[in-house]
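J.: 3D, please:
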Amino acid sequence: MNITYHGHSCVQLESGGKSVVIDPFLSGNPLAVAKPEDIRCDVILLTHGHSDHILDTETIARKNGATVVATFELASHFEGKGLKTIGMNIGGTVDLGFATAKMIQAFHSSSVTLEDGTVLYAGMPGGFIIRWDGKTVLHSGDTGLFSDMDMIGRRHDIDLAFLPIGDLFTMGPDDALQAAAWLRAKAVVPIHYNTFPPIRQDAKAFAERLQAQGQRGVVLAPGESFAL
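T.: Here you go, the predicted structure:
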C-alpha cells in the first residue's frame with residue numbers, strides 16, 4: 001500500500017489500482033503541493049464537516065466520480081449537491097469493495113458553514129479504521145485524547161495511525177504520544193500541524209519521543225509518500 005501525505009489531515013491510500021482520499025483540503029492549504037485537479041481516487045472519507053477537512057470534496061468527487069463516505073448528516077449535505085454518497089455513523093463499517101472502513105468516535109465538533117454564513121449540523125465527528133490488503137490503518141480525525149483509545153488499540157492490530165499534534169483545536173504532542181501508546185500502533189504519522197501559525201509544532205521531536213517509547217514515527221512533508 002502506498003501512503004501519501006497531502007498536508008494538514010489529508011492523506012491518500014493507494015493499492016491495486018484503487019485509491020482512497022481522507023479529508024481533502026488542498027486549495028486552502030498554503031503548504032499543499034498537489035492541487036484538487038491532480039487527485040485521482042475512488043472513495044473520499046470525511047471525518048467531520050469543518051472546511052479544513054472537506055473543502056475540495058466536491059471538486060475531487062465530480063472529477064473522479066468518487067463516492068463520498070461520511071456521517072449521515074454530512075453525506076446528506078453532499079448528496080444534495082448531486083454527489084454519490086454513503087451515509088454512516090460511529091460504530092458502523094462500510095464495505096468499499098476493495099477495503100472496509102469502520103467509523104470510530106472522536107472528541108471534537110462538526111459543522112458546515114455555507115456561503116451565506118448559515119451553519120449546518122454535520123453529525124458527530126469521527127475517525128476511520130481502514131482494513132485493506134491485510135493492513136489496518138487508523139485516521140483519528142480531529143480529536144482530543146480519550147481513554148477508549150486503549151480499548152480501540154486492544155481490539156485492533158493497527159499498522160499505521162494518523163494522529164493530530166497541532167494542539168489548540170486537537171491533541172497536542174503530549175496527548176498524541178499517549179494516544180499512540182494506547183492505540184499500540186506500529187507506526188504513527190503526525191498530522192494537523194504547521195498549516196497555520198496557531199498549530200505550529202516540531203514533528204521531528206514528536207517522532208523522537210515516539211521512538212523512545214518503542215514506536216516508529218514517520219514524518220512526511222506535504223506531497224511525500226512511503227510504502228506500508
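J.: quick check, residue 178 in a helix?
T.: Yes: with DSSP: H, G, I helix; E, B strand; the rest coil as the criterion, residue 178 is assigned to a helix.
J.: mind listing what the residue nearest to it when sequence neighbours are not counted touches?
T.: Closest residue to residue 178 apart from its sequence neighbours, by CB to CB, 6 or more residues apart in numbering: residue 145 at 5.9 Å. All C-beta atoms are positioned from the backbone trio N, CA, C, and that covers glycine. Residues in contact with residue 145 (CB atoms under 8 Å, 6 or more residues apart in numbering) are 171, 175-176, 178-179.
J.: Can you tell me the element residue 145 falls in?
T.: According to DSSP states H and E, residue 145 maps onto no helix or strand at all.
J.: Where does the prediction get shaky in this structure?
T.: By pLDDT under 70, the chain has no low-scoring segment.
J.: The helix or strand hosting residue 189 packs against which elements?
T.: Assessed by DSSP H and E, residue 189 sits inside strand 187-191. Contact here means 3 or more CB pairs under 8 Å, 6 or more residues apart in numbering; DSSP states H and E; on that basis strand 187-191 packs against strand 2-7, strand 160-164, helix 173-183, helix 203-212, strand 216-217.
J.: Quick one: residues in contact with the fourth one.
T.: To tie it back to what came earlier, the one meant is helix 203-212. 165, 173, 176-177, 180, 188, 190, 193-194, 216-219.
J.: what's the spacing between the residue of the chain positioned farthest from its centre and residue 48?
T.: What lies farthest from the middle of the chain is residue 116; by CA atoms, centre = their mean that is 27.2 Å. Plainly put, residue 116 is 21 Å away from residue 48 if you go by CB to CB, to the nearest Å.
J.: swap in residue 89?
T.: Taking CB to CB, one finds residue 89 at 12 Å from residue 48.
J.: The chain: helices as residue ranges?
T.: Applying DSSP state H to the chain gives helices spanning 51-54, 57-64, 72-79, 148-155, 173-183, 203-212.
J.: With respect to residue 134, which of those lies nearest?
T.: helix 148-155 (17.3 Å; CB to CB).
J.: Remind me what the closest one packs against, helices and strands.
T.: So helix 148-155, by 3+ CB pairs under 8 Å, 6+ apart, packs with helix 173-183.
J.: Many thanks, we can stop here.
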